[in-house]
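Enquirer: Fold the stuff below for me.
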Amino acid sequence: MSKPDFPRACAQVLLCLFACTAWPTQAQTTAPVERLAPASAPATAETAPPSTRPAARPAAAVPPGTMPAPAEGAAAPAPPERLPTDFERLATAANAGRPLWRFGTEPRAEQRAADTPESPTRVPADYPVQAGDELLVHVWGSVEGEWRLSVDRSGRIVLPRVGPVQVAGVASSELAARLRERLQTVYRGFDLGVAVTEAAPVRVRVTGFVAEPGDRVLPGLTTLSRAVARLDVAVAGGSLRRVSLRRGGREIYLFDRYSLLVQGQAGEDPMLLPADVIHIEPIGPQVAVLGAVNRPAVFETLPEQTLADALMLAGGFSAVADGDRVEVERRRGEPFARIVQMRWPDDARQVLADGDLVRVPSRTQATRPTLLGAKRVRVEGEVLRPGDYVLAPTATLADAVAAAGGTTEAAFLFGTELRRERVRLLQEANYLRALEELEAEAARLATVRGSAADNSRVQESALRELMARLRARRPEGRLVLDLTPAASELPALVLEDGDFVRVPPRSQSVGVFGTVFNAGSFVHDGELRLGDYVARAGGPTAAAEADSMFVVRANGSVLSARQGGWWTGRSQFEGQPALPGDTVYVPERLDRVTFVQGAKDWTQILYQLGVGLAALLTIR
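Expert: Next comes the predicted model:
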């Protein structure tokens with residue numbers, strides 16, 4: 001070699017040595033080694049120098065049939081259009097058309113839940129390291145260095161000059177001890193810190209009543225509550241209150257999302273691990289709470305949940321609520337809705353049924369039927385389930401009794417009462433008109449007859465007393481039904497909103513009242529006539545006007561002795577068969593010189609105007 005070639009050869013040797021020195025070792029291939037000044041805390045991806053920040057991680061390969069989750073912080077795709085369920089439609093109609101969704105599945109709530117970033121800002125201490133995680137190891141003291149190491153598929157990392165270390169399944173809080181143990185085989189006089197800087201996505205399986213069941217890839221560190229928030233359970237009829245987390249073939253946790261949404265309590269909220277199974281049970285019983293509450297909605301209930309539990313889910317009474325009563329419209333297993341009136345708080349522990357509509361009345365408005373054209377009817381008496389019912393527009397009297405479960409064995413259909421508000425208003429107008437005519441006749445009698453001053457004052461006092469009693473009475477609005485005593489079916493009479501139906505028990509008596517010697521009720525005998533019962537009451541007294549007696553049947557109809565004519569009326573009347581529930585009234589025969597005596601002619605008229613038997617006794 002010539003002298004001029006010697007410097008060139010030396011330069012080539014130096015370049016080779018430099019290249020060998022700069023070429024990374026096998027350990028450095030996993031992550032670059034950096035010389036750092038001592039630090040009190042491990043650097044994060046945001047605070048590390050640019051050369052140590054991890055590059056953008058390529059998207060994980062997603063197996064066929066697996067649904068990937070959106071990247072953390074990215075906008076989630078819009079969920080499919082949320083259509084109301086049948087019960088939500090029913091509740092919406094009962095809420096005057098204002099939409100009522102199942103709590104926790106409202107369309108906008110689903111969108112917000114999907115847009116929420118999944119990963120927490122800190123790694124829990126009990127987080128088990130998994131394949132694909134990235135660890136930041138920081139060593140200082142006699143040896144200094146920082147490595148970003150990825151956990152391979154076998155669950156290991158490779159430490160420089162130490163070799164592979166098994167870390168999969170080790171809790172993040174125990175990583176430092178595991179790595180220190182291995183590093184101490186090579187180094188002395190050092191300290192270290194380790195952190196999980198990036199958690200690998202987890203692949204879980206979603207089963208049960210959820211839209212598009214199957215495998216899902218979720219961001220690392222996703223908890224069960226966050227995963228459930230991403231699932232569309234409303235369309236598939238899934239439950240939010242019974243979500244099972246299964247691991248290794250057994251259930252390890254049962255999640256109730258209402259605990260988080262209503263009370264802010266997530267419970268343990270376990271973190272999802274690869275191969276976990278999230279199983280959505282079918283939706284349980286549902287009730288709708290509407291009216292004067294703070295959060296009207298459809299709520300999924302747990303078995304044996306009560307009225308108090310439902311009102312708690314709805315946020316309690318609003319400021320305008322009638323806090324003394326609650327109406328429960330019950331539909332489960334019944335062709336018509338039955339309204340149960342409950343007192344608050346006496347009935348707070350009443351257990352609700354699936355499909356109940358709980359309505360809290362407002363002090364500012366009256367409660368009316370909520371469905372278009374529906375009729376609200378009260379059924380009482382000898383029926384299996386008395387109460388208020390919301391019936392179809394074409395519902396009949398028989399339909400109302402059927403909605404109440406039908407009649408009992410003791411029911412007496414002939415005596416069925418049907419009271420109607422429209423009829424009551426008409427009767428009241430006629431009743432007030434009759435009272436005005438009564439007062440006019442009193443004035444006419446006082447003018448025509450004339451009387452002594454003392455007698456006139458007695459008449460005026462009696463007038464005031466009688467009119468006060470009469471004006472205190474009001475018509476009942478009862479409709480007389482065309483029934484026979486042996487009737488087994490009710491007439492096909494179409495009901496009106498607000499009707500009152502009462503089916504009485506079978507009566508075994510006949511009453512005789514008025515001007516008789518022994519007024520009272522007597523056991524009914526099918527062989528006896530009306531006259532026989534008048535005789536059992538001792539017969540009319542000398543002051544009785546027997547030719548004007550009349551009977552009120554159990555169905556509300558009236559039969560008078562005057563209907564048969566002057567000569568045969570009384571005999572025909574007394575010869576009529578006595579029916580169960582009959583009430584015979586014998587008026588008093590009085591001299592028509594005083595107003596009170598003249599008023600006796602009005603007894604039958606007043607009854608026919610709907611005031612009932614109680615009013616007849618007040619004018620006696």
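Enquirer: what about the closest residue to Tyr127 other than its chain neighbours, how many neighbours?
Expert: Distance criterion CB to CB, 6 or more residues apart in numbering; nearest residue to Tyr127, sequence neighbours excluded, is Ser172 at 4.6 Å. In this view, the C-beta of every residue, glycine as well, is placed from N, C-alpha and C. Ser172: 21 surrounding residues under other CB atoms under 10 Å.
Enquirer: where are the low-confidence patches of this structure?
Expert: For the chain, residues meeting the criterion pLDDT under 70 lie at 1-80, 108-121, 266, 333-336, 365-373, 442-443, 445-460, 462-463, 564-569, 590-620.
Enquirer: Show me which helix runs longest in it.
Expert: helix 421-449 (DSSP state H).
Enquirer: That helix packs against which elements?
Expert: The criterion is 3 or more CB pairs under 8 Å, 6 or more residues apart in numbering; DSSP states H and E, and the helices and strands that helix 421-449 contacts are helix 453-472, helix 595-599, helix 603-606.
Enquirer: Mind doing that once more with 6 Å?
Expert: Applying 3 or more CB pairs under 6 Å, 6 or more residues apart in numbering; DSSP states H and E, one finds that helix 421-449 contacts helix 595-599.
Enquirer: re the thing from before, surely the residue nearest to Tyr127 meets Pro128?
Expert: No - between Ser172 and Pro128 there is no contact under CB atoms under 6 Å: 7.8 Å.
Enquirer: Export only the CA atoms of stretch 492-505, formatted as PDB.
Expert: Output in PDB follows, covering the C-alpha atoms of stretch 492-505 (Å, rounded to 0.1, in the frame of the first residue of the first chain):
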ATOM      1  CA  ALA A 492    -126.200  -2.300  24.200                       C
ATOM      2  CA  LEU A 493    -126.300   1.300  25.300                       C
ATOM      3  CA  VAL A 494    -123.300   3.300  24.100                       C
ATOM      4  CA  LEU A 495    -121.500   5.000  27.000                       C
ATOM      5  CA  GLU A 496    -120.500   8.600  27.300                       C
ATOM      6  CA  ASP A 497    -117.400  10.100  28.900                       C
ATOM      7  CA  GLY A 498    -117.800  10.400  32.700                       C
ATOM      8  CA  ASP A 499    -120.600   7.800  33.000                       C
ATOM      9  CA  PHE A 500    -121.000   6.100  36.400                       C
ATOM     10  CA  VAL A 501    -122.100   2.400  36.500                       C
ATOM     11  CA  ARG A 502    -123.100   0.600  39.600                       C
ATOM     12  CA  VAL A 503    -124.200  -3.000  39.700                       C
ATOM     13  CA  PRO A 504    -126.000  -3.600  43.100                       C
ATOM     14  CA  PRO A 505    -126.200  -6.900  44.900                       C
END
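Enquirer: what about Ala125, neighbour count?
Expert: Other residues within reach of Ala125, judged by other CB under 10 Å, total 9.
Enquirer: Now do the SS call for it.
Expert: coil (DSSP: H, G, I helix; E, B strand; the rest coil).
Enquirer: coming back round to it: what sits against the residue nearest to Tyr127?
Expert: For Ser172, the contact set (CB atoms under 6 Å, 6 or more residues apart in numbering) comprises 123, 127, 196.
Enquirer: And for Val289?
Expert: Contacts of Val289 (CB under 6 Å, 6+ apart): 310, 314, 358.
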